[in-house]
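Student: Please work out how this folds:
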Amino acid sequence: MVQQFNPANVMTTQSVPSDVATTIIDRIMGQSAILQVAKNIDMQGKQTKKFSFMTGVGGAYWTGETQRIATTKPTFLPAKLEAKKLAVIIPVSKEFLSYSYTNFFSEVTPLIVEQMDKAIDLAVIKGINTPYADSLANAAQTNGSVLSGDINYENILALENKLYDKGMQGNAFLSTLTNNPALRTSIQQNAGLYPDKLYDSSAKTLDGMPVVDTQQGVLNKGDLVFGNFDYLYYGLPGNMDVEIDKSAQLSTMTNTDGTPVNLFEQDMVAMKVTMDIAVLPVRQDAFATLNVKPGDDVLGAVPGDGTDTTDKNAKANTAKAKPATATSSEQK
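Tutor: Okay, the predicted model is just below:
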């Protein structure tokens, strides 16, 4: 029978092409909210990277003429970045790839960036479908730095105070475009002719600090994250890898009749794309949230053990091949 190929079935958590890998990585770095605010660590081509981060210094001291100048001792804590794999297989017809090669990559690149950005931001901010041990929402919840309520003047200041009360200085907000109307009306009430306005839409700042928007589907309307993102680190141990295959059988995708997709028999090609990335919040007291709910699979729930990934998006968007059934003649 003629198979109805639906590429939506395999657009799992992420997707990407080959000869524009460098461009895609640059776009991911520029569009992922997390990668815009986090600090980069050079992983030197390794899957794990141990490093130390400074939590403070002793201070400066007054001294008289000819007196010895006291030295200060900085405080360092150890941390370890561990990269996790983000991957997808994208099958297309040979004709599509041959007849519209340039258009294919130019059209699929924004989708790749969008899906990879979304997967990274959801994992790190909310702990949704995450391979990492912690998320910003989980850190805030564990440290008692969570608020609920409307985005308004009072709640924004209260969110900042969640960090200030612990002696932590924040330096940025994570938001979403749907919050802009509420941010613009976050004005001090009953303040006479000159009320204090927290949001500057032209500078994209809130109380003087930058606001970075996540893409749609990461933070919900009404969600805000405030933090000191000097305590959020990420690393890329290697480049984006892309492979093209013409003969594989895809066990995680089926045709409409339940049989597995066979690239050779169906004259198709598949692009396999993988990217390793490590992200780590090193201080739980550095983040506070307004209305952000942590995911139910924090603490390294994916990829897990076994043959198949436990990523919920992957399970929802792919289908197992049905086992072959014996014909009536074979059963006799």
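
Student: so what pLDDT did residue 132 get?
Tutor: The confidence metric pLDDT takes the value 91 at residue 132.

Student: Can you show me the strands along the stretch 201-332 of the chain?
Tutor: Secondary structure of the stretch 201-332 of the chain (DSSP state E, counting those that start in this stretch): strands at 205-206, 209-214, 224-227, 232-235, 241-245, 249-254, 260-262, 268-281, 287-290.

Student: looking at those strands, which is closest to residue 35?
Tutor: Residue 35 lies closest to strand 232-235 among the strands of the stretch 201-332 of the chain, at 6.1 Å (C-beta to C-beta). C-beta here means a position set from N, CA and C on the backbone, and glycine is covered the same way.

Student: Measure how far the closest one is from the centre of its chain, please.
Tutor: Strand 232-235 sits 11 Å away from the centroid of its parent chain (C-alpha atoms, centre = their mean, to the nearest Å).

Student: and it, what does it pack onto?
Tutor: Helices and strands touching strand 232-235, by 3 or more C-beta pairs under 8 Å, 6 or more residues apart in numbering; DSSP states H and E, are helix 33-37, strand 39-40, strand 48-56, strand 75-82, strand 268-281.

Student: Please produce TSV containing these, extended by mean pLDDT, mean neighbour count and distance to residue 63.
Tutor: Converted to TSV, these look like this (pLDDT from 0 to 100; neighbours: other C-beta atoms under 10 Å; distance: least, C-beta to C-beta, whole Å):
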stretch	mean pLDDT	mean neighbour count	distance to residue 63
helix 33-37	94	21	38
strand 39-40	93	12	33
strand 48-56	83	13	21
strand 75-82	85	14	22
strand 268-281	82	22	38
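
Student: and these as CSV, adding distance to residue 137?
Tutor: Compiled in CSV, the helices and strands packed on strand 232-235 are given as follows (distance: least, C-beta to C-beta, whole Å):
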stretch, distance to residue 137
helix 33-37, 12
strand 39-40, 20
strand 48-56, 21
strand 75-82, 20
strand 268-281, 10
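
Student: Select, out of these, the one closest to residue 260.
Tutor: Shortest distance between residue 260 and those, using C-beta to C-beta, is found for strand 268-281: 12.1 Å.

Student: by contact count, what packs against the closest one?
Tutor: With contacts taken as 3+ C-beta pairs under 8 Å, 6+ apart, strand 268-281 sits against strand 75-82, strand 84-93, helix 94-99, helix 101-121, strand 232-235, strand 241-245.

Student: least reliable of those going by mean pLDDT?
Tutor: helix 94-99 (a mean of 63).
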